[in-house]
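1. Quick one: sequence plus predicted model below, questions after.
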Amino acid sequence: KAGVTQTPRYLIKTRGQQVTLSCSPISGHRSVSWYQQTPGQGLQFLFEYFSETQRNKGNFPGRFSGRQFSNSRSEMNVSTLELGDSALYLCASSTLSGRDNEQFFGPGTRLTVL
Amino acid sequence: GDSVTQMEGPVTLSEEAFLTINCTYTATGYPSLFWYVQYPGEGLQLLLKATKADDKGSNKGFEATYRKETTSFHLEKGSVQVSDSAVYFCALRQGGSEKLVFGKGTKLTVNP
């Protein structure tokens, strides 16, 4: 069974630009969550999607947005990039089957903002 | 809001040494608790979990017990190997959400 895939793996952008990151969950998984990982702030929750609906959102500015498609693939978008947006962006998928369900993480997209 | 505090390290041990990484949490209700591991250049992998008080999660020689009275979930391993070198994250999740709240992570280096 293929794992969670994220594309691209590495990305370099300049301040002010926008970026779109993609996440393909494990087949059969309908829940996708996104996290930002930085050395200073650690792992912080961005959003959670299930069946194309955003169920939960973290404390990030409106420049961060996301969506989920009918095939459960998800994208996140960051507009007007700032230097502080440089981070590893991780996505995780699960079956949303209760307290015991496991979330599987992808390898992440490393975004560098210059 | 909910939070997780873990010893930040780094922790350096010799092979076959005993490992403890402390983790405490602040949360309402009865969250599920997790330990994740991240190897260099990779995403997170679930190491073990516990979903209710007094549950013991275990995997690959690692263990952690959900202690409601001390709001703790300390990670232990009796004899570490070089291959255990990684960053370890303690996390909690409330029912009804997939949102994980993570600690800052503890970098473990095991020397031969």
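-> Cool, got the structure. Numbering: from 1, shown residues only, chains lettered A, B, ... in the order given.
2. now stretch B:98-112: how far from the chain's centre is it?
-> Chain-centre distance of stretch B:98-112: 7 Å, with CA atoms, centre = their mean, to the nearest Å.
3. Next, the buried residues of that stretch.
-> Residues B:Glu98, B:Lys99, B:Leu100, B:Val101, B:Phe102, B:Gly103, B:Lys104, B:Gly105, B:Thr106, B:Leu108, B:Val110 are the ones in stretch B:98-112 that count as buried (16 or more other CB atoms under 10 Å in any protein chain shown). C-betas here are computed from N, CA, C, even on glycine.
4. near chain A, from these?
-> When CB under 8 Å from any CB of the partner chain is applied, the members of the buried residues of stretch B:98-112 adjacent to chain A are B:Glu98, B:Lys99, B:Leu100, B:Val101, B:Phe102, B:Gly103, B:Lys104, B:Gly105.
5. Among these, which pair sits farthest apart?
-> B:Glu98 and B:Lys104 (20.8 Å; CB to CB).
6. And the pLDDT for residue 30?
-> You didn't pick a chain, so chain A it is. pLDDT for A:Arg30: 93.
7. The chain in question should be chain B.
-> pLDDT, read off for B:Tyr30, is 89.
8. ok, it touching B:Lys52?
-> Yes: under the criterion of CB atoms under 8 Å, B:Tyr30 lies in contact with B:Lys52, with a separation of 6.5 Å.
9. thinking again about what came up before, tabulate the buried residues of stretch B:98-112 (a markdown table), appending pLDDT.
-> Formatted as a markdown table, those follow (pLDDT from 0 to 100):
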| residue | pLDDT |
| --- | --- |
| B:Glu98 | 87 |
| B:Lys99 | 91 |
| B:Leu100 | 94 |
| B:Val101 | 95 |
| B:Phe102 | 97 |
| B:Gly103 | 96 |
| B:Lys104 | 95 |
| B:Gly105 | 96 |
| B:Thr106 | 96 |
| B:Leu108 | 97 |
| B:Val110 | 97 |
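10. Next to chain B, which bits of chain A? Give me the list.
-> Close to chain B, as judged by CB under 8 Å from any CB, chain A has residues A:4, A:31, A:33, A:35, A:42-45, A:48, A:50, A:55-56, A:58, A:90, A:92, A:94, A:96, A:99-100, A:102-108.
11. from those, which ones fall inside helices?
-> Among these, no member falls in helices (criterion: DSSP state H).
12. who in chain B is up against chain A?
-> So far as CB under 8 Å from any CB goes, chain B lies against chain A at B:32, B:36, B:41-46, B:49, B:51, B:89, B:91, B:95, B:97-105.
13. quick one: contacts for A:Asn56?
-> A:Phe45, A:Phe47, A:Glu48, B:Ser97, B:Glu98, B:Lys99 (CB atoms under 8 Å, 6 or more residues apart in numbering or on different chains).
14. hang on, isn't the last one packed against A:Ser33?
-> Put plainly, it is B:Lys99. Yes: counting by CB under 8 Å, A:Ser33 is a contact partner of B:Lys99 at 6.9 Å.
15. still on that earlier bit, out of the ones next to chain A among the buried residues of stretch B:98-112, who's nearest B:Val80?
-> Nearest to B:Val80 out of those is B:Gly105 (CB to CB; 17.0 Å).
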